[in-house]
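Trainee: Sequence plus predicted model, see below.
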Amino acid sequence: MVVMLQEVQSESLRNIFEHPWIRLNFVLSDIKAWQCYFTIMMVSKLIDTSAWFRVPLKSIMERDALFVDIPLTSEEGQPTKNRLRLCTVHLESLPEGESLRLHQLAQISKFLRAPETAEGKVIASLVGGDMNTILPSDHGMHKMSEVDLHDVWEDTPPLPIPLRKPFRKDLTYGLAWGNTWGYQACWMKLRIRLESWDVLE
């Protein structure tokens, strides 16, 4: 299991790190805060990792991308030089960050397509996080030529739309439509899909 978290603050990180179950079962990317809020990854101790690294992104808000490489084995369970690369990110916020979001995702895409080295080859990769898809143009930025990623939601058969009785609330909060806003305060009128899982094929 891999858990990717965005907008983690120092108090949150301390509570996560000090939880006995988490310490027993996970390796954390970070144990100390270095800015107001940031991303972290938690990887099950049952999964080997070969590299953890952060890449600073072109950003007004000091955003970066967090990567981890997971060595893959052959069908017979033998070690190989092939790796799965995972990334989590919190792209630039606010409508004014539109051009930066595209630039940031393009930066990430280059690292997902890392060239083969003596240490191994990245054969598959995935980025997940808060993509801040707040403008109509943001919804297609993964398809731009400088990014060229596939959206896992778009490439997966859709869930059936749940049937409801008249005047009944949709308790899935639009999951079948791809909404990933999760719990929000009742004053949140604009609910949109902010998170995204983009994969390199």
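Mentor: Structure received.

Trainee: What are the boundaries of the strands in the chain?
Mentor: 2-8, 26-28, 38-44, 51-56, 64-73, 79-90, 121-130, 150-151, 195-200 (DSSP state E).

Trainee: Which other helices and strands does the first one contact?
Mentor: The reference is to strand 2-8. Contacts defined by 3 or more C-beta pairs under 8 Å, 6 or more residues apart in numbering; DSSP states H and E place strand 2-8 against strand 38-44, strand 79-90, strand 121-130. C-beta: built from backbone N, CA, C; applies to glycine.

Trainee: wait, which of the strands of the chain is closest to Arg113?
Mentor: If you check each of the strands of the chain against Arg113 by C-beta to C-beta, strand 195-200 wins as the nearest, at 6.4 Å.

Trainee: CSV for the helices and strands packed on strand 2-8, including mean neighbour count?
Mentor: What follows is the helices and strands packed on strand 2-8, written out as CSV (neighbours: other C-beta atoms under 10 Å):
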stretch, mean neighbour count
strand 38-44, 19
strand 79-90, 19
strand 121-130, 19
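
Trainee: got the ones you listed as CSV, with distance to Phe67 and mean pLDDT columns?
Mentor: Shown next, in CSV, are the helices and strands packed on strand 2-8 (distance: least, C-beta to C-beta, whole Å; pLDDT from 0 to 100):
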stretch, distance to Phe67, mean pLDDT
strand 38-44, 9, 96
strand 79-90, 5, 95
strand 121-130, 9, 94
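
Trainee: could I get the strands of the chain as TSV with distance to Lys165?
Mentor: Shown next, in TSV, are the strands of the chain (distance: least, C-beta to C-beta, whole Å):
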stretch	distance to Lys165
strand 2-8	36
strand 26-28	42
strand 38-44	40
strand 51-56	49
strand 64-73	44
strand 79-90	38
strand 121-130	34
strand 150-151	32
strand 195-200	30
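
Trainee: Let me have the helices and strands packed on strand 2-8 in CSV, extended by distance to Leu57.
Mentor: As requested, those are arranged in CSV below (distance: least, C-beta to C-beta, whole Å):
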stretch, distance to Leu57
strand 38-44, 11
strand 79-90, 8
strand 121-130, 12
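
Trainee: so which of those gets nearest Phe26?
Mentor: Comparing those by their distance to Phe26 (C-beta to C-beta), the top pick is strand 38-44, with 4.3 Å.

Trainee: Next, the angle strand 51-56 makes with that closest one.
Mentor: Orientation of strand 38-44 against strand 51-56 (axes from the mean of the first three to the mean of the last three C-alpha atoms, to 10 degrees) gives an angle of 170 degrees.

Trainee: before we move on, the earlier item: compare the strands of the chain and give me the one nearest Ala114.
Mentor: Distance to Ala114, taken as C-beta to C-beta, is lowest for strand 121-130 among the strands of the chain, at 4.7 Å.
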